[in-house]
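Undergrad: Let's see this in three dimensions:
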Amino acid sequence: MRIRGIWIYCVALIFILSPAILFGQDTKSQNKKKKKKAPQPFQWVNPLSKNDKKRVPQIQHSTFQSPTLGVEVGYCFYLPSEYQNDGFKDKRYPVVYYLHGGRPGSEKKSIRLVNEIHKHIEAGDVPPMIYIFVNGGPVSHYNLPDKKEAQGADVFIKELIPHVDKTYRTIADRSGRGLEGFSQGGRGTARLMFRYPDLFCSASPGGGGHATEKRISESGGFENPNLRFVKGDNTWDLATAYSQRRNQSKTLDRVAILVHVGDKGFNYQNNLQWMNHLESLGIAHEKIIVPGVGHSAMEIYQQKGREIMKFHATNFGLIQK
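TA: Prediction:
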C-alpha cells in the first residue's frame, strides 16, 4: 500500500513539473514563441535607445526634412575619430552608404556593424571613412508606383545624399561615394548601383535575394499578387540595361562591384546564379564567399569586414591595389 502511494505521488509530480515528458512538448520553445515580439510598424524616424548607444558607442542619429514627403526622415551615421580632431578640420572624407536588411527595417537595423568598422579604422587597417545608415522606407529601398509615402529609393538618392554632402565634410562626388547593403539591402544596392553609376564608384551588394528579383523580372514587376514594382526595376533587368548602356556609350561610368555572401546562407545559390548573369553580360565584379557563414551581415563582417572596407577604400583611391 505504501509503495502504491509513492508511485501515485511520483506520477502526480511528473504531471505538475514536466508535461513535456508525457506529451512530447517543448515548453521552453513554447515560452519563446509566446515572448516573440510582433514586427514594429514602419517609421521614418527611429531614434537611438540607451541600449543602442551602449552597444554601439560610436554611432549617432540625425534627421532631415524630406521635401517630397513633408516629414522628418532619420538616418544613423559614423564619423571616424579624426573627423573631430582640429588638425583635420579641413579634410574631406569618402562616404559609404549602408542599406539595411529586413522589410521594412529602419536606419538602426545594421548599426552593430559600426563596432567592426570602427575597430578596423582605429587600428589603421583601412583609412578613415564616413558611414551613413539609410532608412529604406516602407518597402526597403524600393519605390512603389503611385504611393507617395513609399518612395524609399528616391528619398535616399535625391534627398539624403544631398543633405549629407551639405552637412558633413564629404567628398561630394562619385569618386568618394560607395554603396553597400545586405539581404534586402543587398538587393537595393544591386538595383541602385546599376541605376546610378554616376553617383557611386564602389558598390558591395551582400546576400541579396536575387531569386525573388528574378521572379519580379519574369512576372513584369510582381513580387507577389499584392506587391508590384515598376517593370524593369530589379537586379536582373537593371544589370542588362546597365550592360547595354555601357556598350552604347564609352563614357558611362563603371561601378566597381564586390558581391559578398556566406556559403551557408539561404541566398547563396541564387547569388551564384546572379553572378553568372553578370558574367554573361560582361559585367566585371569581385566576390567574397565566406565559408561556414549563414545569412548574417555581422558574421560576414567579423570575418571579412576588413576586406570589404579595403575594397571601398581602394576604389576611393585611398590605398593602392
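Undergrad: so when I look at Asp237, I'm seeing a helix, right?
TA: Yes. Using DSSP: H, G, I helix; E, B strand; the rest coil, the assignment for Asp237 is a helix.
Undergrad: Just list the residues touching it, thanks.
TA: Ser217 (C-beta atoms under 8 Å, 6 or more residues apart in numbering). All C-beta spots, glycine's among them, are computed from the backbone N, C-alpha and C.
Undergrad: and Gly206, what is it in contact with?
TA: Counting by C-beta under 8 Å, 6+ apart, Gly206 makes contact with 180-183, 185-186, 189, 259-261, 297, 300.
Undergrad: next one: phi and psi at it?
TA: With angles defined as degrees, to the nearest 10, Gly206 sits at phi -120, psi 130.
Undergrad: partner residues bridging it?
TA: Going by DSSP bridges, Gly206 is paired in beta bridges with Phe182, His260.
Undergrad: mind listing the strands in the stretch 1-150 of the chain by residue range?
TA: Along the stretch 1-150 of the chain, counting by DSSP state E, counting those that start in this stretch, strands occupy 59-65, 72-78, 95-99, 130-134.
Undergrad: ranking those by burial, who's on top?
TA: Compared across these, strand 95-99 shows the largest average neighbour count, a mean of 27 (mean count of other C-beta atoms under 10 Å).
Undergrad: tell me the angle that strand makes with strand 72-78.
TA: Computed with axes from the mean of the first three to the mean of the last three C-alpha atoms, to 10 degrees, the direction of strand 95-99 lies at 120 degrees from that of strand 72-78.
Undergrad: In its sheet, which strands sit next to strand 95-99, and in what direction?
TA: Strand 95-99 is paired, per DSSP bridges, with strand 130-134 (parallel), strand 177-182 (parallel).
Undergrad: Could you dump those into TSV and include distance to Leu281?
TA: Putting the strands paired with strand 95-99 into TSV (distance: least, C-beta to C-beta, whole Å) gives the following:
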stretch	distance to Leu281
strand 130-134	27
strand 177-182	19
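Undergrad: Can I get those strands in JSON lines including distance to Ile319 and mean pLDDT?
TA: Listed next are those as JSON lines, based on distance: least, C-beta to C-beta, whole Å; pLDDT from 0 to 100:
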{"stretch": "strand 130-134", "distance to Ile319": "17", "mean pLDDT": "98"}
{"stretch": "strand 177-182", "distance to Ile319": "14", "mean pLDDT": "98"}
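Undergrad: This completes my enquiry, with thanks.
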